[in-house]
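In: Fold the following, please.
(2 chains)
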Amino acid sequence: MASLASVGQPAGHVEGPSKVTGQARYTADIRLPGLLYGKCLRSPFPHARIVSIDTSQAKALAGVHAVITGAELPDRRIGRFFLDKPVLARDVVRFVGEKVVAVAAESMDIAEEALTRIAVEYEALPAVFDPVEAMQEDAPRVHADTSTYTHPPVPDFVHPGDDRLYPDIPNVVSQVFYTHGDIEAGFAQAAREFTHTFTIPPVHQGYIEPHASVVQIEPDGKVNLWISNKTPFVARAQFAAALGVAEDRVCVNTAPIGGDFGGKGSLMDGVVCYHLAAAAGRPVKMVMSYTEELLAGNPRHPAVITLRTGVDANGRIVARKARLVFSCGAYSAFTPLHTVHGSVHAAGPYRMPNVEIEVFRVYTNTVPAGHMRAPGAPQIVFGVESHMDLIAQELGLDPLEFRLRNTLIEGDAAPLGEKWKKIRCKETLEAAAKEAKWGAEKTANRGRGIGMYDREPGAFGPSSATLSIAADATLTLMTGAADTGTGSYTILQQVVAEELQVPLESVRVVQGSTDSAPWEVGAGGSRLTHMAGQATLAAVQRLKEGLTAFAARHMETPSEQVAYRAGEFVNTNGQHLALPTLMAALAGREELPLRYTGEYVAEDPMDVTSFCAQIAEVEVDPATGQVTLQKLTTAHDVGTVLNPLTHQGQVEGGAIQGVGHALTEHLIVQDGAVTNVHLGDYKLPTSMDIPELKTVLVESDAGPAPYAGKAIGEHSNVAVPAAVANAVFDAVGVRLMDLPVTAEKVYTALREKTARSRTMRRGNS
Amino acid sequence: MKSIQLRVNGQAVERDVADNTLLIDFLRNGLDLTGTKEGCSVGVCGACTVLLDGQPVSSCLTLAVTADGCEVTTIEGLTEGDRLHPLQKAFIDYGGFQCGICTPGQIMSAKALLDENPHPSKDEIQSWMMGNLCRCTGYYKIIESIQAVADGKVST
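Out: Predicted coordinates for the structure are as follows:
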């Protein structure tokens, strides 16, 4: 893309100066006159009846301005899709960490002191923590009656499945089937069948900014909300519904988001913060501590994944049946959909004509689960890609060879029937294998393992953007989308600069509040480069057309004889009119700045995807079981790379999240309670935990984003855990069926393996 | 309550603070220097790193009274007028941040490193920066940003 001036060039974040100087004000940094601080008392029980609450001592404390309980609030449940969560617990608590009482006070210290003065009497109820146990007839019911719970229809952008919401199975929130082909006929063709079950614990998104909310109520009742939420317009709709007011009575204001990774899409404390502000008559700020984040945030769904696969005599997959059981915790309110949509990846990027996937989301008395980078996929792909290696081993095939026999190639239908164009699956895998020197000699206790994944660019919901030009010809793009750190604003800046052939720095990008920006779904699902990018492109086209008409009038030339070219208009007579000259001429005659809004809705379904092949190389210490990830190769089937700097940033950041998921991260749940509740115990990767990283880009020209770009945000994190587990098997011959791959587990498995081989030797002698 | 006198980003400051006030709260709430961020609150993530007499400390674990008589430098103290510090510029040009929440702490730690060792090796940078968590970048571009400054590749 050498012909492009801005697109394709590395560009640092447009909002960079504010972030590196500390000037950027995140939600927790907002100060308002009369601001109070809110804090919540949380349940110590996984399931209990609230017998009584005594808040009198807390209310009597000097500096306390509001103390509220669930019973005092309107009986209205909140959520993103399923409205099943009370703002504060009413009558019953369903997980350790559930909010029971909220306090607003002059300082955080006073608020915390007030919490210690609240007495709550509980009566413990039977609880269930495992999603498979929760589906049994005799299991305790997390919600005694779900018949009054409401939800919208399943949106049409979701992969079509047979969707059953609140089916007649204990604690099941949703049961979804995805089928293609004839599963029984498929297994009938199989020479061999393999079944394996994998367990994946919950993990936290690990953003460094804990959730924060600020609510200010104006004298006329209009509500100003600042919140760590990446989808302000969707948040406004959910917030207004939770308050029972019209959306135009709420303004969601802008603040940078300090890391998202899927976790910043809910209202979290926003609604309780509103009720505190209303009760106190003053603005209130709530900031979760990191302990509250780990105890009661909205982590990735834990899962139990069972895969059954039929393979013919030539090592080709003929049928795949998957049963995926996700624990959604005590409430389903934190997920934007009825199911975990990564479930469609249970067949992997492989040719298999007959597929049946059954997905359950199940209530348990644990922390409610939410979304995290490629929701559902890392859990499922750990199963799918480990299962592929287990099958290859049984068949006596090299894991690479087994995959190459089965990868999708141009012209294939995907397992659930999608028709992708320009399939680069095999090419991506081969590129990874070449870079990783698959098949090269290894020293003792070294191993290599493969993981694969594919994900299509996000295409849901409308996007819009407004491009304005002021009297001094400065250009400002206003978007309603939050940039969660991915660099989306910089991409939009590049699109404007490219189309208008002006320097990058001459284009400002601002986020508008929900009162000032045009409606926009926001960040999520790897959609912004595509959707907001196309909306921006449409806005630029409208601006060009609008200005061309003005220029034509000014030059007294018919519009069709005027062309825009790099900051000026030229007519067929060779007359030039610079943009600033035109804008100066318009001043006083037109209402400036001129504003042009572009909108975009994608064609559905997407006809392209992006493949990712990763190869981990590990060294295992047989004495301790310690696994060291020496090298990670990540190969991506990409479209035009609009910004190589931020694109690579997504690849690297995602890959290291995958490393954490593979090796160290795990919310340890005991009797329903998360026990590793600070970042000293919950181990995010540090700068010392990163491997040598090799990135390979397999370029294509088939993306739906401007200039044929694709998505990259949710690709490199997904297959790393499987690649690492497969590499550990290759290194020392032990197979882990659950995550993370800790030294303790590898050590235990090595000892069991040694004991087995001794027993076998004795048996032989 | 105790009266403390200190210099913050070169400015003399005198304030009464409670004995248990943390330096981070003193800076953020008392002086409205919100560039210093609170992440984990237990001295693990490094987002709250500031320099106390030139040494990096977790301001979430430091009592404000211990800064009495000291020089405190926060991220707001690195710019000279509109001119970015080379580390600040490098973090933009080399992609050393994404969401930006850990960035003030990263830059303050990096400054402490370069003040002590102007030409660190890549391994030294990697090891020194271990106390600053970043969830966005995977650290590669943070290391590159610091290396670029150490190698004199960044001018402001």
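In: okay, CA-based contacts and neighbour counts for the rest of this
Out: OK.
In: could you pull out the strands for the stretch 201-350 of chain A?
Out: Along the stretch 201-350 of chain A, counting by DSSP state E, counting those that start in this stretch, strands occupy A:212-217, A:223-227, A:250-252, A:284-287, A:303-311, A:317-329.
In: quick one: low-confidence ranges for chain B?
Out: Along chain B, the model assigns pLDDT under 70 to no residue.
In: top helix in it by residue count?
Out: Identified as the longest helix of chain B according to DSSP state H is helix B:103-116.
In: Report the buried residues of the next helix or strand after it.
Out: Moving toward the C-terminus from helix B:103-116, the next helix or strand (DSSP states H and E) is helix B:122-128. If you call a residue buried by 16 or more other Cα atoms under 10 Å in any protein chain shown, then helix B:122-128 has these buried ones: B:125-126, B:128.
In: Next, count neighbours for B:K2.
Out: Neighbourhood size, B:K2 [other Cα atoms under 10 Å in any protein chain shown]: 12.
In: and if you look at A:M268?
Out: Quick note: A:M268 (other Cα under 10 Å) scores 24 neighbours.
In: A:V311 versus the residue nearest to it when sequence neighbours are not counted, what's the distance?
Out: What sits nearest to A:M268 in space, not counting adjacent residues and going by Cα to Cα, 6 or more residues apart in numbering or on different chains, is A:H211, at 7.2 Å. Using Cα to Cα, to the nearest Å, one gets 47 Å for the distance from A:H211 to A:V311.
In: What are the boundaries of the helices in the stretch 501-650 of chain A?
Out: Along the stretch 501-650 of chain A, the segments classed as helices by DSSP state H, counting those that start in this stretch run A:528-555, A:579-586, A:644-663.
In: can you redo those helices as TSV with mean neighbour count and mean pLDDT?
Out: Converted to TSV, the helices of the stretch 501-650 of chain A look like this (neighbours: other Cα atoms under 10 Å in any protein chain shown; pLDDT from 0 to 100):
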stretch	mean neighbour count	mean pLDDT
helix A:528-555	23	97
helix A:579-586	18	96
helix A:644-663	25	98
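In: Just tell me which of the ones you listed ends up closest to A:K99.
Out: helix A:644-663 (28.1 Å; Cα to Cα).
In: right, is that closest one up against chain B?
Out: Yes. Using Cα under 8 Å from any Cα of the partner chain, helix A:644-663 reaches chain B at A:645-646, A:649-650, A:652-657.
In: So for chain B, the centremost residue is which one?
Out: In chain B, the C-alpha nearest the mean C-alpha coordinate belongs to B:M108, at 2.7 Å (Cα atoms, centre = their mean).
In: Report the contact partners of that residue.
Out: Contact analysis of B:M108 by Cα atoms under 8 Å, 6 or more residues apart in numbering or on different chains lists B:49-51, B:56, B:74-75.
In: List phi and psi for A:L337.
Out: According to degrees, to the nearest 10, the main-chain angles of A:L337 amount to phi -130, psi 170.
In: Report how many residues lie close to it.
Out: By other Cα under 10 Å, neighbour count at A:L337 equals 19.
In: Distance check, the residue nearest to the centre of chain B against chain A.
Out: For B:M108, the distance to chain A equals 10 Å [Cα to the nearest Cα, to the nearest Å].
In: Alright, that wraps it up for me.
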